[in-house]
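Peer 1: sequence and predicted structure are below.
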Amino acid sequence: MHCYQCSNNAMYQVDERNIPLCLDCHFKFSQVQQQRLENNERMINYLSDEMSFTTGLPPMGPRFPPRPKSLVVAGTKLNNISVNNSVVGTINTGSLGTVDQSISALVQIGDPGLAEAIKGLSEAILQSGDLTRNQRNELVESLSVIAKEAASPKKVRQNSVALALIERASKITALADDIADVCQKWWPILQAAFSAATGG
Ligand SMILES: [Zn+2]
């Protein structure tokens with residue numbers, strides 16, 4: 001069975017009409033529902049505040065707690081990368097989770113410069129309007145491999161793999177007008193990290 005929204009295979013059925021949706025489309029659908037729930041919670045909190053204001057009595061009863069700020073992507077909490085909800089459904093969230101975890105690892109092992117470069121690149125890639133959906137996905141996937149290598153001990157880093165991916169990825173971002181400049185600032189930092197290790 002195909003997704004009602006795109007050409008992927010359906011994995012879920014939603015609504016009383018049992019509309020088939022694929023993983024990505026279902027993810028987007030759930031986010032819209034979450035947003036609606038959150039708005040309702042805010043409205044209920046507001047109404048109870050308004051009631052206590054009107055009656056002059058102190059606020060009574062439980063309130064909905066504020067929602068956690070960091071975004072949860074495919075079961076992974078993103079601690080470093082800020083990403084707009086609207087692009088989340090269109091990217092490989094597993095790869096994005098890997099990038100985010102590698103950034104945490106780099107900060108822990110004391111390489112904040114590399115962590116910052118990878119964070120800067122991922123946020124630029126995620127927000128670019130000039131990249132196609134496929135390009136964005138390819139870049140996030142490449143970045144997840146590069147970030148994982150960067151967070152590995154120097155002795156076991158696969159430098160040539162990382163350098164090849166960086167070269168290809170930097171060519172793609174150079175053609176995306178809205179992020180070309182900012183990415184040009186970050187790629188050389190990664191390149192240097194992997195080149196220094198090979199002594200080249
Ligand atoms: Zn779909």
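Peer 2: Structure received.
Peer 1: the lengthiest helix in the chain packs against which elements?
Peer 2: The residue-count maximum for a helix in the chain (DSSP state H) belongs to helix 23-55. If you count contacts as 3 or more CB pairs under 8 Å, 6 or more residues apart in numbering; DSSP states H and E, helix 23-55 packs onto strand 12-14, helix 85-88. Yep, even glycine has a C-beta here, placed from its N, CA and C like the rest.
Peer 1: just so I know, which of these lies nearest the ion?
Peer 2: Closest to the ion of the helices and strands packed on helix 23-55 is strand 12-14 (CB to the ion; 9.6 Å).
Peer 1: so which bits of that closest one are buried?
Peer 2: Neighbour counts over strand 12-14 (16 or more other CB atoms under 10 Å) mark Y12 as buried.
Peer 1: measure how far the helix or strand just after it is from the centre of its chain, please.
Peer 2: Per DSSP states H and E, the first helix or strand lying C-terminal to strand 12-14 is strand 19-21. Offset of strand 19-21 from its chain centre (CA atoms, centre = their mean, to the nearest Å): 24 Å.
Peer 1: where does this protein have low pLDDT?
Peer 2: 68-77, 85-86, 197-200 (pLDDT under 70).
Peer 1: how about the residue lying closest to E141 once chain neighbours are set aside, secondary structure?
Peer 2: Excluding its sequence neighbours, the residue lying closest to E141 (CB to CB, 6 or more residues apart in numbering) is S95, at 4.8 Å. Per DSSP: H, G, I helix; E, B strand; the rest coil, the secondary structure class of S95 is helix.
Peer 1: roughly how far does S95 sit from V145?
Peer 2: Applying CB to CB, to the nearest Å, the value for S95 to V145 is 8 Å.
Peer 1: the two: which has the busier surroundings?
Peer 2: S95 (23 against 18; other CB atoms under 10 Å).
Peer 1: let me know whether S102 touches A151 as I believe.
Peer 2: Yes - using CB atoms under 8 Å, S102 is in contact with A151, at 4.2 Å.
Peer 1: could you chop this protein up by domain?
Peer 2: As assigned by automatic domain parsing, the chain contains the domains 1-67, 74-198.
Peer 1: output those domains as TSV; include the columns distance to the ion.
Peer 2: TSV is the format used below for the domains of the chain (distance: least, CB to the ion, whole Å):
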stretch	distance to the ion
domain 1-67	3
domain 74-198	9
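Peer 1: so of these, which one's packed in deepest?
Peer 2: Across the domains of the chain, averaging neighbours per residue (mean count of other CB atoms under 10 Å) puts domain 74-198 on top, at a mean of 17.
Peer 1: now that one, how far from the chain's geometric center?
Peer 2: Distance, centroid of domain 74-198 to centroid of chain: 11 Å (CA atoms, centre = their mean).
Peer 1: for stretch 189-199, same thing?
Peer 2: The answer for stretch 189-199 is 26 Å, by CA atoms, centre = their mean.
Peer 1: same check, this time on stretch 1-18
Peer 2: Its chain's average C-alpha position is 24 Å from that of stretch 1-18, according to CA atoms, centre = their mean.
Peer 1: now the helices for this protein?
Peer 2: Here the chain has its helices, by DSSP H, at 23-55, 85-88, 93-108, 112-127, 133-150, 159-174, 180-198.
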